[in-house]
Each structure stands twice: as structure tokens, then as C-alpha cells.
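Chemist: Quick one: sequence and predicted model below, then my questions.
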Amino acid sequence: LVFPVYWWSMPALLKGWIDRVFVNGWAFEHSPASGLQPKLQNLTTHLLPIAGDDPGAYERHGYESALRTQIEHGIVDYCGSRRGSTAFIYQSEQLSPETTVRGVDHAVRTISEAIHARLGGGDRRPSPPAA
């Protein structure tokens, strides 16, 4: 899931989509008789939050931890999906395009490495496109 961080959480549209798609009977099964049975064990969920503030602000105020708890535990774990990587892109509205590019490159590299490791490829890199 790639999303901008609005007011220290996911945007309302994304939350609404999750509320309508990750429903009882598809993402999980819940009944008084059987309790909770997660159903997305074959899914790995990677998160790519795009944040306007710097990592220091997130650390000082606990925003990253709160967002991770809300989404990783409250949604991903609840549905039984495997937790993939969570890679924040901080300071997304920088005046310096180079700073933004570095943040995006780091986040993409983090998630790519997690996907390749999950697929058993370790540190394999995708082949460059043919010229």
C-alpha cells in the first residue's frame, strides 16, 4: 500500500477502501462460535507511507510507532497477512529534488529487498530493461 500520511495516519479514502474490501468473509471470518479466523495468510503486505515531516518529528512524537500499530497490527495482522516491509519516505515536499529522490530510492530498495528475500532470491536485483 502506497499512501500519503494525512494527519499522522492514512487518508480517509484509503481507510474507507480498507473498510469496504477487507470485510468479514473475505479478509477474515468472525463468528461467535469460531471467533476470529484470518483469511489472508497468502498475502504479504508492504507499506510505503509518504510523509511530509522529517524522521525526527516522527520519533519525538511517536507518530511512526502509532501508524505502524494502527496499520500493521490493526489491519495486516488482524487479517492474517504476512507483514512485509514498511518504508517511510520522509520529507516528501522538499525543495531539493535530490533529497526526495534519495528518500524514494531508499524506500524502494528496502521493499524490493524484502520481496526478493521472501521469494528466496536473497540479494538478487532485477535485470535492467533491454535497450
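Modeler: The structure has been received and is ready for your questions.

Chemist: in this protein, which segments are predicted with low confidence?
Modeler: Counting by pLDDT under 70, the chain contains low-confidence ranges at 121-131.

Chemist: now what about the longest strand along the chain, what contacts it?
Modeler: Identified as the longest strand of the chain according to DSSP state E is strand 44-50. When contacts are taken as CB atoms under 8 Å, 6 or more residues apart in numbering, the neighbours of strand 44-50 outside the stretch itself are 1-5, 10, 67, 71-72, 76, 81-89, 92, 107, 111, 114-115, 118. Using the backbone N, CA and C atoms, a C-beta is placed for each residue, glycine as well.

Chemist: Can you say which helix or strand has residue 52 in it?
Modeler: Per DSSP states H and E, residue 52 falls between elements, in no helix or strand.

Chemist: For it, which non-adjacent residue is closest in space?
Modeler: Closest residue to residue 52 in three dimensions, ignoring its sequence neighbours and counting by CB to CB, 6 or more residues apart in numbering: residue 93, at 5.2 Å.

Chemist: Would you mind measuring from the most centrally placed residue in the chain to residue 29?
Modeler: The residue lying closest to the centre of the chain (CA atoms, centre = their mean) is residue 47, at 1.1 Å. Plainly put, residue 47 is 24 Å away from residue 29 if you go by CB to CB, to the nearest Å.

Chemist: that older thread, so how far is the longest strand of the chain from its chain's centroid?
Modeler: When C-alpha coordinates are averaged (CA atoms, centre = their mean, to the nearest Å), strand 44-50 and its chain have centres 2 Å apart.

Chemist: Kindly report the same for stretch 63-79.
Modeler: Stretch 63-79 sits 9 Å away from the centroid of its parent chain (CA atoms, centre = their mean).

Chemist: Which helix or which strand is home to residue 36?
Modeler: strand 35-38.

Chemist: In the protein, which helix is the longest?
Modeler: Determined from DSSP state H, the single longest helix within the chain is helix 97-118.

Chemist: Give me the buried stretch members for it, please.
Modeler: The neighbour-count check on helix 97-118 (16 or more other CB atoms under 10 Å) flags 100, 103, 107, 110, 111, 112, 113, 114 as buried.
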